[in-house]
Each structure stands twice: as C-alpha cells, then as structure tokens.
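*Asks:* how would this look folded up:
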Amino acid sequence: MNNTISYPANRRGNADHGWLKAKHSFSFAGYNDPSKIHFGVLRVLNDDIVAGGMGFGKHPHDNMEIITIILDGALEHSDNMGHKEAIQTGEVQVMSAGTGVSHSEYNHNKDKDVNLFQIWLFPNKRNVEPRYDQRMFDPLERINKLQTLVSPIDKNDEGLKIHQDAWIYRTQMDTAKSQTIKPHSAKNGFYVMVINGSIGIVGQTLNRRDAIGIWEQEQITITANENSDVLILEVPMEI
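*Replies:* Numbering: from 1, shown residues only. Coordinates of the predicted model:
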C-alpha cells in the first residue's frame, strides 16, 4: 500500500528540559524534520510529561484548533477569556484560538507528573471568535467501540467542537477485537497512534506510541494484538 506513512515512536523528536520531557510527532520548536511538518491539517501532536508544579507560562496562539488530552495527572489551564480550570485524567480540552488567545498551562499537582497529548489542527475558518470547552469522557464508553472526542462544529456528531472537518476518536480494544472505520470524505485520511498496547493495521504492527498515516482508502481496519488504547484522527489531507 503506497498511501501510508509510518511514524515510529522511537523516531519522534525529543526535547528534555528537565521539567518538561516532550516527544514531537511533527516538527516543533527546536525539532525540525522536513519530512515531518504535518499530516494533512494535523500540524502538532506532542506527547508531553510535565513535572509537578511546573508548566508553560502565558503565551499567545491564533488561528489554530488546539486539543489537549490528559492521559495521566491533571493540568491547570488559565486564559484571557476568563477560564481557569483543572483538566483531569480522561478529560479533553479544546480551544479555538481564532483571532488570538493567551493562556498558561501548569501541572495541577506538586508531587506527580502530568502526561498529556497536545494536538494542533489548522482550522478551516480563520479569525473566528476564540472559544473554549472541556469534557470528561467515560472510559467504559470506548471499550471495543469508537468514542468520539472531537467533531466539526457544524455537525451534530458527538464530541467537543472545532472549526475543521476532522474527527478524533479513542478506543480501548480487547485482544483480537477489530474495528473498521470509513472516512466521512474521500478527501480525508487517518492518523492512528497507539497510546498503549499493540495493533495490526494495513499489514503492519504498531506498538506503544507508534503511529501511521493512511489516505485514499475507502476504509481501515484495526485489530488489537493485545489489550490496546488507540487514538484515531480523521483529518482533511488538503490544508
């Protein structure tokens, strides 16, 4: 199959600032790989571990859809829209930066690391009014089925809303279980990352934090080689 690109976990960018240990799936900050700038509208997928009490001071964003998924621990968020929230394990946060927002993010706990995915998607509409939302997602609702975390703002699908024709799913699959997924549009591709476990997909085996991009396929099938936690992003391939 030619319409695939592999993103092995051990070939991600690496940044170790002591208080922050980050793995970059795409070029970010000091990590620059011309072959890994983006996958369709998916621009950033950072796997961050932030030490207790530490974090990112106030900084600006604009015209980007930012999604944060807390894998373990809790993250303190504060922004110039008046939100000051602790985002807990299992919660997802979305922020449409639009015309511009400033925010800070700190580990909510002093004595425990927080592990999170931060995802950036290019929006399909620029200079929108900034918006913020977060929600807890029950892990029991993704056992051997897709749980929709994020979906387009103009669709009635489940999940938090963003300004892009993209969907983000999470699933926890038991050993030997399979799931088949069809894209909403022939213009969309899938970026599949194994959070934990091992899966088979398009004849390849992906283990913990391995990922693959797939496009121009009518459907994809994921099979769990062992109990697995999987993140699936369906994104337009044209920016």
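
*Asks:* how is the chain carved up into domains?
*Replies:* What automatic domain parsing lists as the domains of the chain is 4-136, 139-236.

*Asks:* can you redo the ones you listed as TSV with mean neighbour count and mean pLDDT?
*Replies:* To be clear about C-beta, it is placed using only N, CA and C from the backbone, and glycine gets the same treatment. Conversion of the domains of the chain to TSV gives the following (neighbours: other CB atoms under 10 Å; pLDDT from 0 to 100):
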stretch	mean neighbour count	mean pLDDT
domain 4-136	17	96
domain 139-236	18	98
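
*Asks:* enumerate every residue touching the closest residue in space to residue 103 that isn't next to it in sequence.
*Replies:* Residue nearest to residue 103 in three dimensions, not counting chain neighbours: residue 79, with 3.8 Å by CB to CB, 6 or more residues apart in numbering. By CB atoms under 8 Å, 6 or more residues apart in numbering, residue 79 lies in contact with 95, 101, 102, 103, 104, 132.

*Asks:* mind checking how far residue 79 is from residue 132?
*Replies:* 7 Å (CB to CB, to the nearest Å).

*Asks:* which neighbours do the two have in common?
*Replies:* With CB under 8 Å, 6+ apart as the test, residue 79 and residue 132 both reach residue 95.

*Asks:* angles on the backbone of the nearest residue to residue 182 once chain neighbours are set aside, please.
*Replies:* The shortest distance from residue 182 to any non-neighbouring residue, by CB to CB, 6+ apart, is to residue 219 (4.5 Å). Phi and psi for residue 219, reported as degrees, to the nearest 10, are phi -170, psi 160.

*Asks:* how near is residue 56 to residue 118?
*Replies:* Distance from residue 56 to residue 118, by CB to CB: 10 Å.

*Asks:* cool, and residue 105?
*Replies:* 9 Å.

*Asks:* which residues are common contacts for the two?
*Replies:* residue 68.

*Asks:* tell me, what residue is most central in the protein?
*Replies:* Nearest to the mean C-alpha position of the chain, counting by CA atoms, centre = their mean, stands residue 119 at 4.3 Å.

*Asks:* and the strand or helix carrying it, what does it pack against?
*Replies:* According to DSSP states H and E, residue 119 maps onto strand 114-121. If contacts are counted by 3 or more CB pairs under 8 Å, 6 or more residues apart in numbering; DSSP states H and E, strand 114-121 sits against strand 42-50, strand 65-72, strand 74-79, strand 228-236.

*Asks:* ok so, going back, and the residue nearest to the centre of the chain, what does it touch?
*Replies:* Per CB under 8 Å, 6+ apart, neighbours of residue 119: 42, 44, 45, 46, 66, 67, 68, 69, 168, 233.

*Asks:* let's go with 6 Å and repeat that
*Replies:* 45, 67 (CB atoms under 6 Å, 6 or more residues apart in numbering).

*Asks:* who is it paired with across the strands?
*Replies:* On DSSP bridges, the residues paired with residue 119 through beta bridges are residue 45, residue 67.
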